[in-house]
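*Asks:* could you work out the structure for the sequence below:
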Amino acid sequence: MINIAELKQELLNELFSSNVLPRIQLNRQEEYSIKYTEKENDKIQKLVENKHTVVGIDIYQYSLFSTNKQIFIPHLFELIYNHAWGLITQNYSYIFQDYHKMGDARKSECINQEEYFISTGDGGFQILETPIHAILFILTFATIVRLYNSDLFMRKLHAKIGNIELRYTITLDDLYKYRKNFYGAAIINNSRILSKDKLNRLLIDKNTHDWFLDRIVGIENLMSLELSELKDIKEFASYTKKKMEEGNNALIQKENNTCNEGIKSIDVQKIGKIKQKQTELEVYNLHIQAIIHYINFFRTKEKIITVSAGNLNISGIN
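*Replies:* Now for the predicted structure:
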């Protein structure tokens, strides 16, 4: 499971007596400290000691769609989302090994991706295990959108709504859970970056950029990364290695080979900063192109698709 710290009632009771029915007090005889003690701070810091990956997605210029199109876009997004996850669980046996597959009787033992998705109607925020998961998720999502825009998939919806464009953001930051909902800088910063971008790009924050720099010497090395190298990344330390031999492992194979499949190009450019309140966020623009070999999705049984995410426009964000 994705290990996200939860803000529990016990801590709230300890800090604020939240299990006590509040009363209006006319006499302020008792003074309360405005500072947390060292012990209290340690408990609070444990809530955010691990950074978590969030992918933000929304449909570009959704508000410009006419009402009779807007009303069905949440349904369209839901279909794209479900089909994307169907492809992911079919094609990434090792990297997405803990995620629930359709028809899997062990659902309770798997990560249910929908429990880690915050819907906004025309998009949403998906919590994932690492930025590598985020890139593969986005490329798969972009594949479904490409098939839809090509009028090859969900054709009745396409006839009524027409083509759509999506924009994506990846952030890596604090995240915690409270009463089945998720909060924290990873979501806040993601939403802010999405809202500031007026184009259909793929943007990442500095933490995501630096994570790739630390783990694989830069995001560009996804083009040559092998599954066997993932075992040296701490986030993959507990993964079952035999999954490398099982099922399909698209884009990132067990070892480099001569097949056409893989991530073929990655362009990363620092495009500026956005300031939110007292915080500045450094933002990078990505353009990724990949060739993906899909099995058991098309009537021909197998199909090779070339897809890209993001674009090369480096104009500043608003």
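*Asks:* surely residue 65 meets residue 73?
*Replies:* Yes: with contacts counted by CB atoms under 8 Å, residue 65 reaches residue 73, the gap being 6.6 Å. Placement of C-beta: from N, CA and C, glycine included.
*Asks:* so residue 246 sits right up against residue 92, yeah?
*Replies:* No: between residue 246 and residue 92 no contact is recorded; they are 11.3 Å apart, counting by CB under 8 Å.
*Asks:* helices or strands up against the helix or strand harbouring residue 292?
*Replies:* Taking DSSP states H and E as the criterion, the element that holds residue 292 is strand 279-295. In this structure, strand 279-295 makes packing contacts with helix 73-91, helix 131-149, helix 185-196, strand 202-205, helix 206-216, strand 262-276, strand 302-310, judged by 3 or more CB pairs under 8 Å, 6 or more residues apart in numbering; DSSP states H and E.
*Asks:* hmm, try it at 6 Å
*Replies:* Judged by 3 or more CB pairs under 6 Å, 6 or more residues apart in numbering; DSSP states H and E, strand 279-295 is in contact with strand 202-205, strand 262-276, strand 302-310.
*Asks:* what residue ranges in this protein score low on pLDDT?
*Replies:* Under the criterion pLDDT under 70, the flagged ranges of the chain are 102-109, 256-259, 276-277, 296-301, 316, 318.
*Asks:* how near is the residue sitting nearest the centre point of it to residue 242?
*Replies:* Ranked by distance to the mean C-alpha position of the chain (CA atoms, centre = their mean), the top residue is residue 55 at 2.6 Å. In this structure, residue 55 and residue 242 are separated by 28 Å, where distance is defined by CB to CB, to the nearest Å.
*Asks:* number of residues surrounding the closest residue to residue 281 other than its chain neighbours?
*Replies:* Nearest residue to residue 281, sequence neighbours excluded (CB to CB, 6 or more residues apart in numbering): residue 274, at 5.1 Å. Residue crowding around residue 274 was assessed by other CB atoms under 10 Å; the count is 20.
*Asks:* what about residue 274, distance to residue 193?
*Replies:* Using CB to CB, we find residue 274 at a distance of 7 Å from residue 193.
*Asks:* same question, residue 129
*Replies:* In this structure, residue 129 lies at 21 Å from residue 193, with CB to CB as the measure.
*Asks:* equivalent analysis for residue 204, please.
*Replies:* Remark: distance between residue 204 and residue 193 (CB to CB) = 9 Å.
*Asks:* so which of these two has more stuff around it?
*Replies:* Between residue 204 and residue 193, counted using other CB under 10 Å, the more crowded position is residue 204 (29 against 23).
*Asks:* residue 169 is in contact with that one, correct?
*Replies:* No: checked against CB atoms under 6 Å, the pair residue 204 and residue 169 is beyond contact range at 7.1 Å.
*Asks:* tell me which helix or strand the residue nearest to the centre of the chain sits in.
*Replies:* Per DSSP H and E, residue 55 falls inside strand 52-59.
*Asks:* ok so, going back, the inter-axis angle of the strand holding residue 292 versus helix 131-149?
*Replies:* 60 degrees (axes from the mean of the first three to the mean of the last three CA atoms, to 10 degrees).
*Asks:* which of the residues in strand 279-295 are buried?
*Replies:* 281, 283-294 (16 or more other CB atoms under 10 Å).
*Asks:* cool, stretch 47-56 as well?
*Replies:* Neighbour counts using 16+ other CB under 10 Å place 47-48, 51-56 of stretch 47-56 among the buried residues.
*Asks:* and it, end to end?
*Replies:* Here the two ends of stretch 47-56 are set 22 Å apart, with distance taken as CA to CA, to the nearest Å.
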